[in-house]
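K.L.:
got a predicted structure plus its sequence, pasted below:
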Amino acid sequence: MLTVQNLTVAFGPTVAVRDVSLRAEAGTVTGILGANGAGKTSTLLGILGRVPRQSGRIVFNGHDVTDHGTGALVRAGIALCPENRRLFPNMSIEDNLLLGAYGQGRKTRQERLGRAYERFGWLHDRRAEAAGRLSGGQQQTVAIARALMSDPQLVLLDEPSSGLSPVAVDEVGETLRDIARDGTAMLLVEQNVRLVEKLCSTAYVLAHGQVAASGPVTELLDADAVSDAYLGTGA
Amino acid sequence: MSQVLVNGVFLGCLFAVVAVGLTLVFGVMEVPNFAHAGVIVMAAYPTWWATDAGAPFALAALAGVAAGGVVSVITEVVAYRWIIDKPWAAPAVALGLMLVLQNTALNMYGGEGRSLDTPYDDVLLEFAGVSLSGVKAALIVLAVLSLIALHLVLSRTSLGRAMRAVAQDREAAAMLGIPMRRQYTLAFLIAGLLAGVAAVAYGPTYQVSPYMADEVLLSAFVVVVLGGLGSVAGAVAGGLVLGVVESLGAAYISSAYQSAFGFLLLVIVLVLRPGGLVGTNARRVA
């Protein structure tokens, strides 16, 4: 599905991500873990071409998409659910969703909108409401639904639990599990270890912009050195 | 009083059409587009030239509106596009472009004012003691139709939705795969077409000259701030309020201070509602 080889992202002289390689497979949730400033968000944005890539290769569904712009990557089947949701607060829920299917024909947009309303029933009832009036959990649902509007095969999720109540985190977790069950691959950047444990089969631990460890999540979380150094879960 | 209000609405419609173009560009690119005055000039001259050559006014007006769109897009492609990441350079570039456009007009057509004749020059509408010249009535109708069309584009089309999104959060819109350059060009195209409408409507009342839009540009900037930066609804409301306030002030206090009433209103609004009449501090096009 997605193979990232030796991705390096730099902002001027500051290297945020150095030689990161990772894989994501269909129907699975792959975690990217690490402390603040470890390079997790930069990795996702680097994959989507939103930050300057210095080197590296990105292969998606067997095609080299390294030189693709964001629009082409979205059309190829990669969607981002960004940190802090980044909804358009003055626009309605429906307009936010439709923006996720930008560039598609009217019929396709309406079809996907119907699918979103089918999956998240309450969105239909409140479709005319401004997105900025929703609670954090509801906004996260809209952000996930918006990402799905491009009919992606891979969703990049950046801290979907950020700022949410425990109940809302559980609901988001259930939603993501359902989406993965439908065959969509997910690359999940997350600091909430409980959510990672619940959703991810494998994970990569980043430290100082590099992959410090990778493997099955259960093994990673059991390794005290990894937990202490990068996740802050140790005693 | 009714006559003063009607005059205010006429002025307000003119301000609104110019201000909406400015606020649209500001919302999408954060550029204070002083060159808008030059675009109005570059739209007015082809209209005058075509009518002078004997073309039907409707055809000349269409040519003027189209010229506004083309010139505006050219300013985006040759100048603004290259400074999108350098917002500090935008005011200087905008002023420079305004001078280039005005001086181009000066070189091509000279500095004297030209009269733009219309088929409704001799029309005078009278209703309940209020009279309105055909030229002013045409401006009001043109302005209202243009603003309705813009509202429909922004609210009902995919491109309009994307433009509103770009105005609210440019990076979030880019993350969805919305092509930024197309949005910038579209914003300038719409602003240019509106500048063309302003030129066609404004030219017959005043005269066509290289500096014909300087004063209206200043008022339009007051309207943009008054309505809330980047707010199309605010620009329309602000335009009407400013037009009526200036007309009332000119009629009942002194016409010598007509523009000063607008600035006084601006100060009062900014003290009471820093985000503008309709807008918020957040950028938006809606």
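P.N.:
Yep, that arrived.

K.L.:
let me know the helix or strand that the residue nearest the centre of chain A is in.
P.N.:
With distances taken as C-alpha atoms, centre = their mean, A:L157 lies nearest the centre of chain A, 1.4 Å away. If you go by DSSP states H and E, A:L157 is part of strand A:154-158.

K.L.:
could you list the buried residues of that strand?
P.N.:
For strand A:154-158, a neighbour-count test (16 or more other C-beta atoms under 10 Å in any protein chain shown) marks A:L154, A:V155, A:L156, A:L157, A:D158 as buried. The C-beta positions use only the backbone N, C-alpha and C, and glycine is treated the same way.

K.L.:
shouldn't A:S21 be within a strand?
P.N.:
Yes - note on A:S21: a strand contains this position according to DSSP: H, G, I helix; E, B strand; the rest coil.

K.L.:
for the lengthiest helix in chain A, name the packing helices and strands.
P.N.:
When chain A is parsed with DSSP state H, its longest helix is helix A:166-181. Counting contacts by 3 or more C-beta pairs under 8 Å, 6 or more residues apart in numbering or on different chains; DSSP states H and E, helix A:166-181 packs against strand A:29-33, helix A:136-148, strand A:185-189, helix A:193-199.

K.L.:
can we see that at 10 Å?
P.N.:
Judged by 3 or more C-beta pairs under 10 Å, 6 or more residues apart in numbering or on different chains; DSSP states H and E, helix A:166-181 is in contact with strand A:29-33, helix A:106-119, helix A:136-148, strand A:154-158, strand A:185-189, helix A:193-199.

K.L.:
with mean pLDDT as added columns, please give the ones you listed in TSV.
P.N.:
Formatted as TSV, the helices and strands packed on helix A:166-181 follow (pLDDT from 0 to 100):
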stretch	mean pLDDT
strand A:29-33	94
helix A:106-119	96
helix A:136-148	95
strand A:154-158	97
strand A:185-189	96
helix A:193-199	90
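
K.L.:
what pLDDT does the closest residue to chain A within the stretch 51-200 of chain B get?
P.N.:
Residue nearest to chain A within the stretch 51-200 of chain B: B:G177 (3.2 Å; C-beta to the nearest C-beta). Listed pLDDT for B:G177 reads 96.

K.L.:
ok, it to B:T104 distance?
P.N.:
From B:G177 across to B:T104, the span is 38 Å (C-beta to C-beta, to the nearest Å).

K.L.:
between those two, who's got more neighbours?
P.N.:
For B:G177 versus B:T104, the count of surrounding residues by other C-beta atoms under 10 Å in any protein chain shown is larger for B:G177: 25 against 16.

K.L.:
what sits against the more buried one?
P.N.:
Going by C-beta atoms under 10 Å, 6 or more residues apart in numbering or on different chains, B:G177 touches A:48-49, A:69-76, A:78-80, A:99-103, A:150.

K.L.:
just give the closest residue to it, not the sequence neighbours.
P.N.:
Closest residue to B:G177 apart from its sequence neighbours, by C-beta to C-beta, 6 or more residues apart in numbering or on different chains: A:V74 at 3.2 Å.

K.L.:
and the one you found, how many neighbours?
P.N.:
As a burial measure, A:V74 scores 25 neighbours (other C-beta under 10 Å).

K.L.:
secondary structure class for it?
P.N.:
Using three-state DSSP, the structure places A:V74 in helix.

K.L.:
ok, now which ones touch it?
P.N.:
Counting by C-beta under 10 Å, 6+ apart, A:V74 touches A:48-49, A:68, A:80, A:100-103, A:147, A:150, A:152, B:175-178.

K.L.:
now with 8 Å?
P.N.:
Residues counted as contacts of A:V74 (C-beta atoms under 8 Å, 6 or more residues apart in numbering or on different chains) are A:S150, A:P152, B:L176, B:G177.

K.L.:
next one: the longest helix of chain A to chain centre, how far?
P.N.:
13 Å (C-alpha atoms, centre = their mean, to the nearest Å).

K.L.:
so what touches that helix?
P.N.:
By C-beta under 8 Å, 6+ apart, helix A:166-181 touches A:27-29, A:119, A:135-137, A:140-141, A:144, A:148, A:155, A:157, A:160-161, A:164, A:186, A:188, A:192, A:194-195, A:198-199.

K.L.:
quick one: buried residues of it?
P.N.:
Residues A:A168, A:V169, A:D170, A:E171, A:V172, A:G173, A:T175, A:L176, A:I179, A:A180 are the ones in helix A:166-181 that count as buried (16+ other C-beta under 10 Å).

K.L.:
go on, stretch B:253-270?
P.N.:
B:Q258, B:S259, B:F261, B:G262, B:L265, B:L266, B:V269.

K.L.:
and stretch B:78-87, by the same measure?
P.N.:
Using 16+ other C-beta under 10 Å as the burial criterion, the residues of stretch B:78-87 that qualify are B:A79, B:Y80, B:I83, B:I84.

K.L.:
now check it, is it near chain A?
P.N.:
No - contact of stretch B:78-87 with chain A (C-beta under 8 Å from any C-beta of the partner chain) is absent, the minimum separation being 12.3 Å.

K.L.:
one step back: pick the one among the buried residues of stretch B:253-270 closest to chain A.
P.N.:
B:V269 (20.5 Å).

K.L.:
disregarding flanking residues, what is the spatial nearest neighbour of that closest one?
P.N.:
B:L226 (5.5 Å).

K.L.:
give me the contact list for the host helix or strand of that neighbour.
P.N.:
Element membership for B:L226, per DSSP H and E: helix B:214-227. Under the contact criterion C-beta under 8 Å, 6+ apart, helix B:214-227 has outside partners B:14-16, B:18-19, B:22-23, B:26, B:32, B:34, B:36-37, B:40, B:198, B:202, B:233-239, B:241-242, B:246, B:259, B:262-263, B:265-266, B:269-270, B:276-279.

K.L.:
many thanks, I have nothing further to ask.
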